[in-house]
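Chemist: Predicted structure and sequence below. I'll ask about it afterward.
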Amino acid sequence: MTKPTIRRATAEDVPAIAALLADDALGKAREAPGDPCYAEAFAAIDADPNQFLAVVDDGGEVAGCLQLSFIPGLSLKGMWRGQIESVRIAASRRGQGLGHVMIDWAIAECRRRGCGLVQLTMNKTRKDSHRFYESLGFEATHEGFKLIL
């Protein structure tokens, strides 16, 4: 058995990523796998050098994904930030440590790119996710707001 690897997503991975995004209670209500919007979004992400859409590849199967954004800033003496978004592990693969592997990889990538901090947001209803990130050393230091346009 091969060890899962983390790699940059390709256009061929987009249907599997969209399916992962839709594979939970929140995702079922807001995602639409098969919609061409995902291919358009992938093209924009892939063209931006400050974006990295990653997948966990396990023998050619997409077992997880996340988007990592590298954000320049003026505050904190011009510190770069790594923003982690859209973290998903296939339901059949949860509890096997892939989430830890993915987040450890993302943190290492942020360090490699010169980021001084890593940040993420998650829906307040995702209590298991809150515990997961706290177990990795993340702290809930800020309150986030979103405005749907």
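Modeler: All right, it came through fine.
Chemist: And the helix or strand bottoming out on mean pLDDT in the chain, what's buried?
Modeler: Of all helical and strand segments in the chain, the minimum by mean pLDDT, DSSP states H and E falls on helix 25-30, at a mean of 80. Using 16 or more other Cβ atoms under 10 Å as the test for burial, helix 25-30 gives G27. The way it works is simple: take the backbone N, C-alpha and C, and place the C-beta from them, glycine included.
Chemist: Ok, stretch 32-42 next?
Modeler: Neighbour-count burial for stretch 32-42 flags P33, Y38, A41, F42 (criterion: 16+ other Cβ under 10 Å).
Chemist: Which residues does that stretch contact?
Modeler: Outside stretch 32-42, the residues that touch it by Cβ atoms under 8 Å, 6 or more residues apart in numbering are A9, A11, V14, P15, I17, A18, A19, L21, A22, L53.
Chemist: Narrow the residues you listed to those in strands?
Modeler: Those of the contacts of stretch 32-42 mapping onto strands are L53, per DSSP state E.
Chemist: So which of the contacts of stretch 32-42 is the closest to S75?
Modeler: Relative to S75, the closest of those is L53; by Cβ to Cβ it sits at 26.4 Å.
Chemist: how near is S135 to I84?
Modeler: Distance of S135 to I84, computed by Cβ to Cβ, to the nearest Å: 15 Å.
Chemist: Looking at the two, which is more packed in?
Modeler: Per other Cβ atoms under 10 Å, whichever of S135 and I84 has more neighbours is I84, with 23 against 9.
Chemist: And what about that one, helix, strand or coil?
Modeler: The three-state label given to I84 by DSSP: H, G, I helix; E, B strand; the rest coil is strand.
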